[in-house]
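Trainee: Build me a model:
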Amino acid sequence: MDRERTYAWGDPGELLAAMGREEKHLGWMQGMIEGRLPAPAFGATLELRPVEASLESMSFAMPLREWMLNPAGVIHGGVLATLLDSAMTLAVIAHLDRSKIATTTTLTTHFVRPLLADGSEVRALAQILHCGRTHATARAQITDTKGRLIAHGDAAFAVIPAPFASP
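Mentor: Presented below is the predicted three-dimensional model:
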C-alpha cells in the first residue's frame, strides 16, 4: 500500500518583505507565531510550529509522523537535527537587527533516545550562548511530551548582512 502526503505553504516573499520592514527580527517571528505571517516553506514540510520567540529563547513544536521514519523504524536523526538547527538559528536571529541574519557554520547533535511515529509532539528549546558582531553560538534540546530529553545540540553561526536589507 502506497502512502501519499500533500501540504501547502505560504508565499516566501511575504515573510521576506516582513523581515525587511521590521526593525528587529523578533517582530516578524511574533507574526509567524500569531499566524499573521507564513512560516518558511521547509517548516511546512516538517510541520514545524514556532511556539515562543523572545530574546531569551526560541521554541518550536513538531509532530512525529510516519514519513519521518528511517529504515530502523524510528524518527530519522536528520529530522531532529533540522528541528534543533531551526530553533537555534532563529534564537540567534532574534538578537540581531534587520540588517543582519545568521547562517549555521557548525552543528553538533547528540541523540539520547529514539522516537516512534506515534503522532505525539516534540519540542525544541534553544538559547543563545554568545551573540557578537560576526559570530554567535547557541544550545538547544528536544524533549518529548513526558519531558524526557530526546536530543540536544549546539551550533555556531556566521552573522552576515541580510540579503533583503538596504545598504
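
Trainee: tell me which element Leu129 falls in.
Mentor: If you go by DSSP states H and E, Leu129 is part of strand 121-131.

Trainee: Parallel or antiparallel, list what pairs with that strand.
Mentor: strand 58-63 (antiparallel), strand 135-143 (antiparallel) (DSSP bridges).

Trainee: now the closest residue in space to Arg5 that isn't next to it in sequence, what's its secondary structure?
Mentor: If the residues on either side of it in the chain are set aside, Arg5 comes closest to Trp67, at 5.6 Å by Cβ to Cβ, 6 or more residues apart in numbering. Just so you know, the C-beta spots here come from the backbone N, C-alpha and C atoms, and that holds for glycine as well. Trp67 falls in the helix class when you classify it by DSSP: H, G, I helix; E, B strand; the rest coil.

Trainee: doesn't Asp2 make contact with Trp67?
Mentor: No. Using Cβ atoms under 8 Å, Trp67 makes no contact with Asp2, being 11.9 Å away.

Trainee: Counting neighbours, go ahead and name the busier of those two.
Mentor: Between Trp67 and Asp2, Trp67 has the larger neighbour count (other Cβ atoms under 10 Å), namely 10 against 3.

Trainee: I'd like the distance between that one and Ala81.
Mentor: 17 Å (Cβ to Cβ, to the nearest Å).

Trainee: cool, and Ala53?
Mentor: 21 Å.

Trainee: Neighbour count for the two, which is higher?
Mentor: Each of Ala53 and Ala81 has its neighbours counted (other Cβ under 10 Å); Ala53 has more, 24 against 18.

Trainee: Please identify the helix or strand for the closest residue to the more buried one other than its chain neighbours.
Mentor: Nearest residue to Ala53, sequence neighbours excluded (Cβ to Cβ, 6+ apart): Met29, at 3.9 Å. In this assignment (DSSP H and E), Met29 forms part of helix 25-34.

Trainee: same deal with Gly20?
Mentor: Per DSSP H and E, the secondary structure element for Gly20 is helix 12-21.

Trainee: for Ile150, same thing?
Mentor: In this assignment (DSSP H and E), Ile150 forms part of strand 149-161.
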